[in-house]
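In: Give me a 3D structure for the following:
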Amino acid sequence: MSAIRKGLRRRGRLVAQAVSPPRRVLDAVPSPRGPEPTYTAPPAPRLVESPVFVLSSVRSGSTLLRVLLNSHSRIRAPHEMHLRTVHVHLSRGFTADAMQELQLDKDELEHLLWDRVLHLELTRSGKDVIVDKTPPNTLIWPRLHRCWPDARYILLLRHPGAVIASLTERRADPDHEAIRAEVLEYGEKLEAARHALDAHVVTYEDLTAEPERTTRGLCAYLGVEWEGGMLDYGAKDHGTFRPQLGDWSSTIRSGRVQPARPAEESAELPPRLAELAKAWGYPVGAPPRR
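Out: Coordinates of the predicted model:
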């Protein structure tokens, strides 16, 4: 190739580069985010208008309640779904403005996603009532109530002393102060929900001592006929039991409702937890049995 032809080809590339517009790299580097928008979106229509949420502390028997309910032919109660940890990320500075034009904000986008997850699970199951029993939902129940104004709630209570004992036994190196604080946080949220919501209240102690009577009351609240097969939950498939998705202890795996371990009557509760226990109908400060 002659030097002239080489020069022409080289100049041609230079000219092409000069006249070609630079490629857009909108998503290469995120733009800095400004202050959080103040717009609050109105609620959008829901695919699942009246889901059911079990509000309880950790270590209160919510997995047992789940498998009993999930054994009903019309009730789908899956593993813990942790919807509150499913978030929407508005990655660009103009995204919030774009969503506002659609009457949406970050919270409502998350609500739509949560609702879609429930609807998908319900559709796959072929049932018509869905129950989410993730205990940390208790800590955000006001937002659940905002997301689903027509949601229904089951409050599952257990003696705070028994919850403390169960958590202490379960943890390899228990921090007793942190455990009491955790149980108190759940207790305060449950007490607020008990007063604010039109919820159906059951206790773990009643659920294990009188499972038929307790599940009959639950079915009446949910508007379904009671089924005796609910008590034989071990004959049904309830999915995988593993950490963070529910209780995976041998007690649950037994497939039978077993008596609850009572709280130590001589154990002293912090004052506020003692108040909550009393408000929930539990004996407090009784002398130890001989």
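In: Strands along the stretch 151-290 of the chain, start to end?
Out: 152-157, 200-203 (DSSP state E, counting those that start in this stretch).
In: what's the most buried one of these?
Out: Comparing the strands of the stretch 151-290 of the chain by mean neighbour count (mean count of other C-beta atoms under 10 Å), strand 152-157 ranks first with a mean of 22. C-betas here are computed from N, CA, C, even on glycine.
In: tell me, how many neighbours does the spatially closest residue to Val224 that is not a sequence neighbour end up with?
Out: In space, and not counting its chain neighbours, Val224 is closest to Arg74: 5.0 Å by C-beta to C-beta, 6 or more residues apart in numbering. The tally of other residues near Arg74 (other C-beta atoms under 10 Å) stands at 16.
In: Next, Arg74: phi, psi?
Out: With angles defined as degrees, to the nearest 10, Arg74 sits at phi -110, psi 0.
In: With His89 instead?
Out: Dihedral angles for His89 - degrees, to the nearest 10 - are phi -110, psi 120.
In: cool, and the one 10 residues further on?
Out: Main-chain torsions, Met99, degrees, to the nearest 10: phi -70, psi -30.
In: residues touching it, list them.
Out: By C-beta atoms under 8 Å, 6 or more residues apart in numbering, the contact list for Met99 reads 41, 90, 105-106, 109.
In: Three-state assignment for Ala96, please.
Out: What DSSP: H, G, I helix; E, B strand; the rest coil gives for Ala96 is helix.
In: how much space between it and Pro43?
Out: 18 Å (C-beta to C-beta, to the nearest Å).
In: which one of those two has more residues nearby?
Out: The neighbour comparison of Ala96 against Pro43 (other C-beta under 10 Å) goes to Ala96, with 17 against 13.
In: right, and the residue nearest to Val224 touches Val129 too?
Out: Yes - if you go by C-beta atoms under 8 Å, Arg74 and Val129 touch, sitting 5.6 Å apart.
In: how about low-confidence regions in the protein?
Out: 1-37, 235, 239-250, 252-255, 263-267, 285-290 (pLDDT under 70).
In: Narrow the contacts of Met99 to those in helices?
Out: 106, 109 (DSSP state H).
In: possible to save the contacts of Met99 as CSV with neighbour count and distance to Ser50?
Out: Shown next, in CSV, are the contacts of Met99 (neighbours: other C-beta atoms under 10 Å; distance: C-beta to C-beta, whole Å):
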residue, neighbour count, distance to Ser50
Ala41, 17, 21
Leu90, 17, 29
Asp105, 21, 24
Lys106, 18, 24
Leu109, 19, 21
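In: Much appreciated, bye for now.
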